[in-house]
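A.B. asks: Need coordinates for the below:
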Amino acid sequence: MSTMLGVIGGGQLGNYFVLAAQKMGYQTAVLDPDPRAPAGVHADRHIIAQYDDADALRKLAAICSAVTIEFENPPVSSLEFLAQYIPVRPSPACVAIAQNRRDEKQFCESIGLLVAPYEVLETQADIERICSHGINPSRNPFSTPLLMKTTRLGYDGKGQQKISDFSGIPSLWDNVGNVPCVVEQMITLHAEFSIILARSADGAIAMFAPTHNVHVDGILDISTAPFTGGHGFLQRGELAAIRIAEKLDYVGVLAVEFFVSDDTLFVNELAPRPHNSGHWTLDAAHTSQFEQQVHALVGSALGDPSMTHSATAMANLLGNRWAHGEPQFDLLRNDPRTHLHLYGKDEARPGRKMGHITVVGDDVDGVALQAVNIRTAITRRDDFTNTEV
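C.D. replies: Below you'll find the model as predicted:
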């Protein structure tokens, strides 16, 4: 009987992990409360239970040799429980930092990396301090517009509100139930890119090509690779991502998102798992980010992360594009450079990631344009906006 690997979470990232693991000869088990979760459909075992269900966690630990995650917000206590019995990669401590914006920013600052100027908002006294004095004297002063972001559950633009005037902070904080937040300076953004790497338990690192990202309404819309950048940003980003992974003693796949503003590089977010911006690796890298996740989990040598094509673009397909009927996917059948990935979700909702299109070719601008044009062509109407997450 082959080794069984577990994954917490049954969405599309978990599904790609399951498929990669099975292709590499492993059995798989998924813990997810949704009986129709995409990863659960393809896994050898699907434990249908809440992520903090003690009996389910015991079962997962009993049948698996190691466990990973496919989203950054499983209960850390559940990961700590599993870690008593089997390897959990990335570690519960790494996940705890990545799922809290405050802790994530403070960690990055502690190792000498820049983040956008921010203040922590957790009490009424914090509101008074931010409104009356702005930011700490040790940092540049705040100026509107600002962003209020909940410290937890903020992926894909969730939990974020724009602050146009300091006087609006109290009511905006009420809107999110007065949960802990960070108030962050909106910066002049010239580019966004991500560095995705895999790190093994012995410290070996394999890094994918830097990826340029364009977001719409807080949700990733288009990714292209390789991103060439400028001003040494890519080299600085790669070194920063390596520094983060090493300081965390990280094992697994890690995505680091960066903001470029003038000649300054800011760390935006960490994702302790494969990332939407790395989906192109399924079609344009010798080893996909999900295969690397398996390698890191089981302790085998990391694969070759280099690209198999000169350029690639990935365009997300959100549920908005199903509003007037299913997209005309039959139009994609005759183009060998275009790859369609559907996630097997049973309901298309606005802002929900239903799939993506990857285009490979020789020129980054060319494949990006082709990906956008193809997405437009298969969509019955293309006037949708990401109005709901």
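
A.B. asks: Report the residue spans of the protein with pLDDT below the cut-off.
C.D. replies: Low-confidence segments of the chain (pLDDT under 70): 1, 133-141, 154-158, 231, 380-389.

A.B. asks: Please parse it into its domains.
C.D. replies: Domain ranges of the chain: 4-88, 117-185, 191-378, per automatic domain parsing.

A.B. asks: Among these, which comes closest to residue 95?
C.D. replies: When those are ranked by distance to residue 95, counting by C-beta to C-beta, first place goes to domain 191-378 at 5.2 Å. (C-beta placed from N, C-alpha, C; glycine too.)

A.B. asks: Please tell me how far the closest one is from the chain's geometric centre.
C.D. replies: Distance of domain 191-378 from the chain centroid (C-alpha atoms, centre = their mean, to the nearest Å) equals 9 Å.

A.B. asks: What's the end-to-end length of that domain?
C.D. replies: Its start and end residues considered, domain 191-378 measures 28 Å (C-alpha to C-alpha, to the nearest Å).

A.B. asks: Just want the most central residue of this structure.
C.D. replies: Nearest to the geometric centre of the chain sits residue 275, at 3.9 Å (C-alpha atoms, centre = their mean).

A.B. asks: what residues are up against residue 114?
C.D. replies: Residues counted as contacts of residue 114 (C-beta atoms under 8 Å, 6 or more residues apart in numbering) are 108, 264-267.

A.B. asks: Which pair in the residues you listed has the greatest spatial separation?
C.D. replies: Farthest pair in the contacts of residue 114 (C-beta to C-beta) is 108 and 264. Separation: 13.9 Å.

A.B. asks: neighbour-wise, which of those two wins?
C.D. replies: Taking other C-beta atoms under 10 Å, residue 108 and residue 264 do not tie; residue 108 has more neighbours (23 against 14).

A.B. asks: I'd say residue 318 and residue 354 touch.
C.D. replies: Yes - using C-beta atoms under 8 Å, residue 318 is in contact with residue 354, at 6.5 Å.

A.B. asks: Which one's more surrounded, these two?
C.D. replies: Between residue 318 and residue 354, counted using other C-beta under 10 Å, the more crowded position is residue 318 (26 against 22).

A.B. asks: is the more buried one in a bridge, and if so with what?
C.D. replies: For residue 318, the beta-bridge partners are residue 353 (DSSP bridges).

A.B. asks: With residue 360 instead?
C.D. replies: Here residue 360 sits in beta bridges with residue 312, as judged by DSSP bridges.

A.B. asks: gap between it and residue 301?
C.D. replies: Distance, residue 360 to residue 301, by C-beta to C-beta, to the nearest Å: 26 Å.

A.B. asks: Between those two, which is the more surrounded one?
C.D. replies: residue 360 (21 against 9).

A.B. asks: picking up where we left off before, and the residue nearest to the centre of the chain, how far is that from residue 347?
C.D. replies: Plainly put, residue 275 is 24 Å away from residue 347 if you go by C-beta to C-beta.

A.B. asks: for residue 270, same thing?
C.D. replies: Counting by C-beta to C-beta, the gap from residue 270 to residue 347 is 30 Å.

A.B. asks: neighbour count winner among the two?
C.D. replies: Per other C-beta under 10 Å, whichever of residue 270 and residue 347 has more neighbours is residue 270, with 26 against 9.

A.B. asks: mind checking which helix or strand that one is in?
C.D. replies: strand 264-271 (DSSP states H and E).

A.B. asks: Who does residue 212 form a beta bridge with?
C.D. replies: Beta-bridge partners for residue 212, by DSSP bridges, are residue 193, residue 224.

A.B. asks: before we move on, back to that, so the residue nearest to the centre of the chain touches residue 193, yeah?
C.D. replies: No - between residue 275 and residue 193 there is no contact under C-beta under 8 Å: 11.8 Å.

A.B. asks: residue ranges of the strands in the stretch 101-250 of the chain, please?
C.D. replies: With strands called from DSSP state E, counting those that start in this stretch, the stretch 101-250 of the chain shows them at 118-121, 146-150, 160-163, 181-185, 191-199, 205-207, 211-216, 219-225.

A.B. asks: Need the nearest residue in space to the residue nearest to the centre of the chain, chain neighbours excluded.
C.D. replies: Counting by C-beta to C-beta, 6 or more residues apart in numbering, residue 255 is the residue found nearest to residue 275 once chain neighbours are left out, at 3.4 Å.
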